[in-house]
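*Asks:* structure for this input, please:
(one chain, ligands or ions: 1)
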Amino acid sequence: MTSCFLCQGSEFRPFIREGQWQYVRCLNCSLIFLEPQPSRSYLHNHYQDYLPADPHSVERWRRLMVQVFSKTAKLIEEAVSRPGRLLDVGCGYGFFLKEMDRRGWQAEGIEISTTGLRYARDSLELDVSDQPLPRADWPDGCYDVITLFYVIEHLPDPMAVLKEVYRLLRPGGLLFLRWPHTAPIVKLLRPWAERLQLYQAPSHLFDFSPLTLYKILDQSGFHEIRTTVCGWTRPTTRGAQLAAWIFGSLGEKLAKISGDRVLLPGVSKTTLARR
Ligand SMILES: [Zn+2]
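*Replies:* Numbers count the residues shown, from 1 in each chain. Sure, this is the predicted structure:
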């Protein structure tokens, strides 16, 4: 990459290495990204093994996200007056879609991992496509809500996908993003961060901050952009569970009492925006 896709800045500093992979930080806008990116076909193959298929792992993943999904459902229902048509991009096994289906939504998904796709279609009987965005065959404004859970950081061209999401939402339609905010943890845990592989390189191609995420959504046409902290994951081990609960609940409370002005660095963020 000769310039930063977000600000067109051309000066970068090395940020962290994970094995053979190098992350850099744009000196102008602070966006962190993998440089160079692997090819699209490399990434496609990479994601074929990304989700485990054995029932224990699937159940672990369901439990990891169950609280995040139920809190998200409530957040969406507060923002949108009645159930409509929802698309979850990168829906994984489909547990969020199932939750929204139960709540009366017409819930559809896109998933490129064969494992996720099979589970969502066969076990949860959901309407899931294996074709990623953009979808020229889909009409403008056909969705009321589009969600992406831990997807934006994996996309080779996030701006192109967000512009397509914008096109597919009806005017006033809602975008929901859930994303990791990893850079503060990398900085805190230096020099051990390299071994922790927090970016699971080359999985995370970008690491956004509330500011860089605002910029990309603004440039993609969205408005009423609001970033907050909403819910926390439930990892398998007790220590990780405790950390997720402490930082997740603290982050949620700080966001609430400050009207989203204080967002705890390092905890996953939730961003809502309107077409
Ligand atoms: Zn930049």
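*Asks:* which residue, neighbours along the chain excluded, lies closest to Tyr47?
*Replies:* Nearest non-adjacent residue to Tyr47, counting by Cβ to Cβ, 6 or more residues apart in numbering: Ser113, 5.1 Å away. In short, each C-beta sits where N, CA and C put it, glycine included.
*Asks:* what's the spacing between that neighbour and the ion?
*Replies:* Ser113 sits 30 Å away from the ion, taking Cβ to the ion, to the nearest Å as the criterion.
*Asks:* kindly report the same for Lys163.
*Replies:* Noted for Lys163: a distance of 18 Å to the ion, by Cβ to the ion.
*Asks:* that residue against Ile216, yeah?
*Replies:* No. With contacts counted by Cβ atoms under 8 Å, Lys163 stays clear of Ile216, the gap being 10.0 Å.
*Asks:* how close does the residue nearest to Tyr47 get to Val151?
*Replies:* In this view, Ser113 and Val151 are 12 Å apart by Cβ to Cβ, to the nearest Å.
*Asks:* which of the two has more neighbours?
*Replies:* Counting neighbours by other Cβ atoms under 10 Å for Ser113 and for Val151 shows that Ser113 has the greater number, 22 against 19.
*Asks:* residue of the stretch 101-250 of the chain nearest the ion, please.
*Replies:* Closest residue of the stretch 101-250 of the chain to the ion, Cβ to the ion: Thr212 (7.7 Å).
*Asks:* okay, that residue: pLDDT?
*Replies:* According to the per-residue confidence, Thr212 scores 97 in pLDDT.
*Asks:* give the contact list for it.
*Replies:* Shown in contact with Thr212 (Cβ atoms under 8 Å, 6 or more residues apart in numbering): Leu6, Cys29, Ser30, Leu31.
*Asks:* ramachandran angles for the last one?
*Replies:* Meaning Leu31. The phi and psi values for Leu31, taken as degrees, to the nearest 10, are phi -60, psi 140.
*Asks:* same question for the third one.
*Replies:* With angles defined as degrees, to the nearest 10, Ser30 sits at phi 70, psi 10.
*Asks:* pretty sure it contacts Ser209?
*Replies:* Yes. Here Ser30 lies in contact with Ser209, judged by Cβ under 8 Å, at a distance of 6.4 Å.
*Asks:* relative to Phe208, how far out is the residue nearest to Pro180 when sequence neighbours are not counted?
*Replies:* Distance criterion Cβ to Cβ, 6+ apart; nearest residue to Pro180, sequence neighbours excluded, is Ser268 at 5.3 Å. Distance of Ser268 to Phe208, given as Cβ to Cβ: 11 Å.
*Asks:* now swap in Gln200 and tell me
*Replies:* Counting by Cβ to Cβ, the gap from Gln200 to Phe208 is 16 Å.
*Asks:* more neighbours, the two?
*Replies:* With neighbours defined as other Cβ under 10 Å, Gln200 and Phe208 compare such that Phe208 has more, 28 against 13.
*Asks:* thought the more buried one was touching Ile152?
*Replies:* Yes. In this structure, Phe208 is within contact of Ile152 by Cβ under 8 Å, at 6.9 Å.
*Asks:* intersection of neighbour lists for those two?
*Replies:* Common neighbours of Phe208 and Ile152 (criterion: Cβ under 8 Å, 6+ apart): Trp179.
*Asks:* no further questions, thank you.
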